[in-house]
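**Student:** Fold the following for me, if possible:
(chains A and B)
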Number of protein chains: 2
Amino acid sequence: MIRSANDTFLRACFREPTPHTPVWLMRQAGRYLPEYRRVREQAGDFLGLCQDPDLAAQVTVQPVDRLGLDAAILFSDILTIPDAMDCGLRFVEGQGPVLDRPIRSPGDVERLPIPDPGAELRYVPDAVAASRRALDNRVPLIGFAGSPWTLATYMVEGGSSKTFGTIKRLALEDPDTLHGLLDKLTRAVIAYLNAQIEAGAQAVQVFDTWGGVLASRAFRELDLPYLRRVISGLRTTWDGTRVPKILFTKGGNGWLEDLADTGVEVVGLDWQTEPRQAGRRIGDRVALQGNLDPAVLYGPPERIEGEVARLLDDFGSAPGHVFNLGHGVHPDTPPEHVEALVEAVHRLSSRQ
Amino acid sequence: MIRSANDTFLRACFREPTPHTPVWLMRQAGRYLPEYRRVREQAGDFLGLCQDPDLAAQVTVQPVDRLGLDAAILFSDILTIPDAMDCGLRFVEGQGPVLDRPIRSPGDVERLPIPDPGAELRYVPDAVAASRRALDNRVPLIGFAGSPWTLATYMVEGGSSKTFGTIKRLALEDPDTLHGLLDKLTRAVIAYLNAQIEAGAQAVQVFDTWGGVLASRAFRELDLPYLRRVISGLRTTWDGTRVPKILFTKGGNGWLEDLADTGVEVVGLDWQTEPRQAGRRIGDRVALQGNLDPAVLYGPPERIEGEVARLLDDFGSAPGHVFNLGHGVHPDTPPEHVEALVEAVHRLSSRQ
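**Tutor:** Numbers count the residues shown, from 1 in each chain, chains lettered A, B, ... in the order given. Sure, this is the predicted structure:
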């Protein structure tokens, strides 16, 4: 077992003291970086970039090089699983993902293969391994997957949605079919994340991006049980080291206790959640990750620093805070503003 | 003072006992109703319909006639105020509202007129009066306005937004300008709602549709103080009768206590908020309105009935619940499903 030179992120996940608050950012590798856009052009389309382990590793490491972040996150997409399940995934300019073969009937679910992370999804663990090599143990690497419910929304709706009317109608008209789909996705996500861990991912995050569109009762019926199953199906250690699990439900403010009780080490907070309140509710059980409004990065650097100071203050100085945004970096964010953010987090949280 | 034949809605707002739980629905007058679409065609464009008091009254009353709801809400739009402030409002098919003259500089704010509800907005109180005549005291009429923050988002962004990046950047770069705009909007909203009350609106709702896109600290700085000012600026009685005020912040689950403390009689809940938890937090101070997921109306009538039963159970039988959706009726909702909803609320909550 080899530790990263900078292990502040992993320590904070386990609520151990660190010399400064570690910081990484959702979508830290991506379109706002000119060096990313150059590699993206080289790769052709977006899925092609995800599927090329060497290029994926290159963009995974870019923000660590430029910004001095305390963790890397694999460059990939949550829709790799529906893609490998043969749903006909395409990314349409200005519209987002489209799935040409949506899943809406018992037969659709039955025909769905559970993808093998050693075969059709092999490029993902390969990208993990390549990223680990490129990082050379400077900082830990985070793997990730979408939650079963979140993946199901794309697969049933046939893409992004505003109202999620099709999947919600399915939940009312034919709940068995939806649960069948969620069950298959749960097994797929577990195999997928364990393969990333075995390939070298030192932590994993489950993105429950669309949990927050559900009413409380529906969340407890359609999302939470599968989150629990995913978390309990994951390796807790690999290569002699504990692997922390992070769960981020966007819009999950009302259900923080449920999220903490899934067995994760870290709960991610969206920017609408009050850090002090979250701390009182679940801070004794899990570390907290978040939660700056990504739109703050549009502001001038001196205001960004002010917002960082207020947020660090809200989270308090007890161990167990991983600084992050409350959602992904917006693509039109100036990179210098992100640099100012990371620098401010490190400087203002320095405990030496 | 003349009471409505059915005053269950007003009684519930004041947490008085009622023979059944009253129900009305956000966007109950609108595109899902064929009789609405016929009047809309007659009126030409959407703004034209809002601006014609007789046609507006006609569509205001339609859902009461068809569905037997316990309250009517004026057919109008929150953007009447920015329109009267000369922002160049247009509705673009498939894109929503566009404001051709967005507000982004101190000069922009300075030039903004505060519209006179007796002059350029006269059609709104006129539509209130016409609706009251058409309702003939069968059920009470609710007036409404957008919150200052919500109106400001449209005026600064120049329309709808996904990231609200322009207004959030303005908040960081030039907070004085934004506060100047919010101040003017606050005065405009107060005058506008009081004019509706004086014209016969028996309750008013403030739609804080975009409060939930703010981080907690930003909500307390940019939204909440103006909500408080609006509420405290409204008439508490008119024509010898108390006028209840309803505040609905979509995504406001984290701030229910703040919303209840603004001085309103009723807090509206989005469908992500847990009714039992909301009851424990603020049920001793205000009535609660909500909060069925509007997507439930896509389901078959027998499932709609089941969801109504569960929700009535969650709210409990103590007085002070106004049944509603957690957001507006989706335009592609089958009208018979809405009929099934209203019928189920009345039957299942009947206390006689």
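
**Student:** contacting residues for the residue of the stretch 201-350 of chain A found nearest chain B?
**Tutor:** Closest approach between the stretch 201-350 of chain A and chain B, counting by C-beta to the nearest C-beta: A:Gly299, at 3.0 Å. No exception for glycine: its C-beta is placed from N, CA and C like everyone else's. For A:Gly299, the contacting residues are A:307, A:337, B:168-169, B:171-173, taking C-beta atoms under 8 Å, 6 or more residues apart in numbering or on different chains as the criterion.

**Student:** which strands and helices sit next to the host helix or strand of A:Leu247?
**Tutor:** When secondary structure is defined by DSSP states H and E, A:Leu247 falls within strand A:245-249. Contacts of strand A:245-249 with other secondary structure elements, assessed using 3 or more C-beta pairs under 8 Å, 6 or more residues apart in numbering or on different chains; DSSP states H and E, are made with strand A:203-208, helix A:224-232, strand A:266-268.

**Student:** winner for burial among those?
**Tutor:** Most buried of these by mean neighbour count (mean count of other C-beta atoms under 10 Å in any protein chain shown) is strand A:266-268; its value is a mean of 27.

**Student:** Run through the neighbouring helices and strands of that one.
**Tutor:** For strand A:266-268, the contact count by 3+ C-beta pairs under 8 Å, 6+ apart identifies strand A:245-249, helix A:256-260, strand A:287-292 as packing neighbours.

**Student:** can you put those in TSV and add distance to B:Val59 and mean neighbour count?
**Tutor:** Written out in TSV, the entries for the helices and strands packed on strand A:266-268 read as follows (distance: least, C-beta to C-beta, whole Å; neighbours: other C-beta atoms under 10 Å in any protein chain shown):
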stretch	distance to B:Val59	mean neighbour count
strand A:245-249	39	26
helix A:256-260	42	19
strand A:287-292	42	25
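
**Student:** Using TSV, please lay out those together with mean pLDDT.
**Tutor:** TSV is the format used below for these (pLDDT from 0 to 100):
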stretch	mean pLDDT
strand A:245-249	98
helix A:256-260	98
strand A:287-292	98
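
**Student:** possible to save the ones you listed as TSV with distance to B:Phe248?
**Tutor:** Supplementary listing: the helices and strands packed on strand A:266-268 in TSV, determined by distance: least, C-beta to C-beta, whole Å:
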stretch	distance to B:Phe248
strand A:245-249	23
helix A:256-260	23
strand A:287-292	24
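
**Student:** Looking at the ones you listed, spot the one closest to B:Tyr36.
**Tutor:** The minimum distance between B:Tyr36 and those falls on strand A:245-249, with 36.7 Å, by C-beta to C-beta.

**Student:** how far out from the middle of the chain is that closest one?
**Tutor:** 7 Å (C-alpha atoms, centre = their mean, to the nearest Å).

**Student:** partner strands of it, parallel or antiparallel?
**Tutor:** Applying DSSP bridges, strand A:245-249 is found paired with strand A:203-208 (parallel), strand A:266-268 (parallel).

**Student:** With respect to B:Ala199, which of those strands lies nearest?
**Tutor:** Nearest of these to B:Ala199, taken as C-beta to C-beta: strand A:203-208 at 46.7 Å.

**Student:** And for the nearest residue in space to A:Asn6 that is not next to it in sequence, the neighbour number?
**Tutor:** Take A:Asn6 and drop its neighbours on the chain: the residue closest to it by C-beta to C-beta, 6 or more residues apart in numbering or on different chains is A:Val139, 4.9 Å away. Residues within reach of A:Val139, counting by other C-beta atoms under 10 Å in any protein chain shown, total 24.

**Student:** okay, and for chain A, where does confidence drop off?
**Tutor:** Within chain A, the set of residues satisfying pLDDT under 70 comprises A:1-2, A:352.

**Student:** rerun at 90
**Tutor:** Using pLDDT under 90 as the threshold, the predicted model of chain A has low-confidence ranges A:1-4, A:44-45, A:92-95, A:351-352.

**Student:** Please, where are all the strands along it?
**Tutor:** Taking DSSP state E as the criterion, chain A contains strands spanning A:72-73, A:89-92, A:96-99, A:141-146, A:203-208, A:237-238, A:241-242, A:245-249, A:266-268, A:287-292, A:321-325.

**Student:** Which elements pack onto the second one?
**Tutor:** Here strand A:89-92 is seen to pack against helix A:46-51, strand A:96-99 when contacts are counted using 3+ C-beta pairs under 8 Å, 6+ apart.

**Student:** circling back: how about TSV for the helices and strands packed on strand A:245-249, with distance to A:Ser147 added?
**Tutor:** Conversion of the helices and strands packed on strand A:245-249 to TSV gives the following (distance: least, C-beta to C-beta, whole Å):
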stretch	distance to A:Ser147
strand A:203-208	4
helix A:224-232	6
strand A:266-268	12
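
**Student:** on that earlier part again, look up how far B:Glu173 lies from the residue of the stretch 201-350 of chain A closest to chain B.
**Tutor:** A:Gly299 sits at a distance of 6 Å from B:Glu173 (criterion: C-beta to C-beta, to the nearest Å).

**Student:** repeat for A:Leu297
**Tutor:** Counting by C-beta to C-beta, the separation of A:Leu297 from B:Glu173 is 13 Å.

**Student:** Next up, the contacts around the closest residue to A:Leu10 other than its chain neighbours.
**Tutor:** Nearest-residue entry for A:Leu10: A:Pro140, 5.4 Å, with adjacent residues in sequence omitted and distances by C-beta to C-beta, 6+ apart. Applying C-beta under 8 Å, 6+ apart to A:Pro140 gives the contacts A:4, A:7, A:9-10, A:71-72, A:202-203.

**Student:** circling back: hmm, the residue nearest to A:Asn6 is touching A:Leu10, no?
**Tutor:** No: counting by C-beta atoms under 8 Å, A:Leu10 is not a contact partner of A:Val139; they are 9.4 Å apart.

**Student:** Show me what from the stretch 51-200 of chain A comes close to chain B.
**Tutor:** When proximity is defined by C-beta under 8 Å from any C-beta of the partner chain, the stretch 51-200 of chain A lies next to chain B at A:163-165, A:168-169, A:171-173.

**Student:** Could I get the contacting residues of the residue nearest to A:Asp176 when sequence neighbours are not counted?
**Tutor:** With sequence-adjacent residues excluded and distances taken as C-beta to C-beta, 6+ apart, A:Asp176 is closest to A:Pro106, at 7.4 Å. The contact partners of A:Pro106, taken as C-beta under 8 Å, 6+ apart, are A:174, A:176-177, A:180.

**Student:** remind me, longest helix of chain A?
**Tutor:** Looking across chain A with DSSP state H, the single longest helix is helix A:175-199.

**Student:** hmm, back to that, okay, the residues of the stretch 51-200 of chain A next to chain B in TSV with neighbour count next?
**Tutor:** Below are these laid out as TSV (neighbours: other C-beta atoms under 10 Å in any protein chain shown):
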residue	neighbour count
A:Thr163	17
A:Phe164	19
A:Gly165	17
A:Lys168	27
A:Arg169	20
A:Ala171	24
A:Leu172	20
A:Glu173	14
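
**Student:** List the ones among those that fall in helices.
**Tutor:** Among those, the members falling in helices are A:165, A:168-169, A:171-173 (criterion: DSSP H).
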